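> got a structure for you, letters missing:
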């Protein structure tokens, strides 16, 4: 039996679905960490398929007051 391989498919950073997922992820992070990050921009997005599973890999910038952050 062959092992499943990951397939990485680029997603347009302006895609509304990617924006919705990213906004949700930042919101969950804020609730879990007690932070108040604000999404600034989505730099890059990839949909990573592995077998029957799919996950997004998103490079974004967010701000926390005067500090800017990059996250993957």
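That came through fine. Predicted model, so just to flag it, every value in this text is computed and none were measured. Numbers count the residues shown, from 1 in each chain.
> gap between the residue nearest to residue 65 when sequence neighbours are not counted and residue 30?
Computed as Cβ to Cβ, 6 or more residues apart in numbering, the closest residue to residue 65 that is not its neighbour in sequence is residue 36, at 7.9 Å. C-beta: built from backbone N, CA, C; applies to glycine. For residue 36, the distance to residue 30 (Cβ to Cβ, to the nearest Å) stands at 6 Å.
> Pull the number of nearby residues for the residue nearest to residue 65.
Residue 36 has 10 neighbouring residues, counting by other Cβ atoms under 10 Å.
> likewise residue 10?
9.
> The one 5 residues further on too?
With neighbours defined by other Cβ under 10 Å, the count for residue 15 comes to 14.
> Correct me if wrong: it contacts residue 45.
Yes - here residue 15 reaches residue 45: they are 7.0 Å apart, a contact under Cβ atoms under 8 Å.
> All the helices of the protein, in order from the start?
With helices called from DSSP state H, the chain shows them at 16-33.
> Report the beta-bridge partners for the closest residue to residue 25 other than its chain neighbours.
Using Cβ to Cβ, 6+ apart and skipping the chain neighbours, the partner closest in space to residue 25 is residue 58 (7.3 Å). Bridge pairing for residue 58 (DSSP bridges) gives the partners residue 45.
> which ones are touching residue 58?
By Cβ atoms under 8 Å, 6 or more residues apart in numbering, the contact list for residue 58 reads 18, 21-22, 25, 42, 44-46, 72.
> For it, give me the pLDDT.
With respect to pLDDT, residue 58 scores 95.
> got it, and the one 10 residues further on?
Confidence at residue 68, expressed as pLDDT, is 60.
> again, but for residue 64
84.
> my guess is it contacts residue 33, does it?
No - using Cβ under 8 Å as the test, residue 64 is too far from residue 33 to be in contact (10.2 Å).
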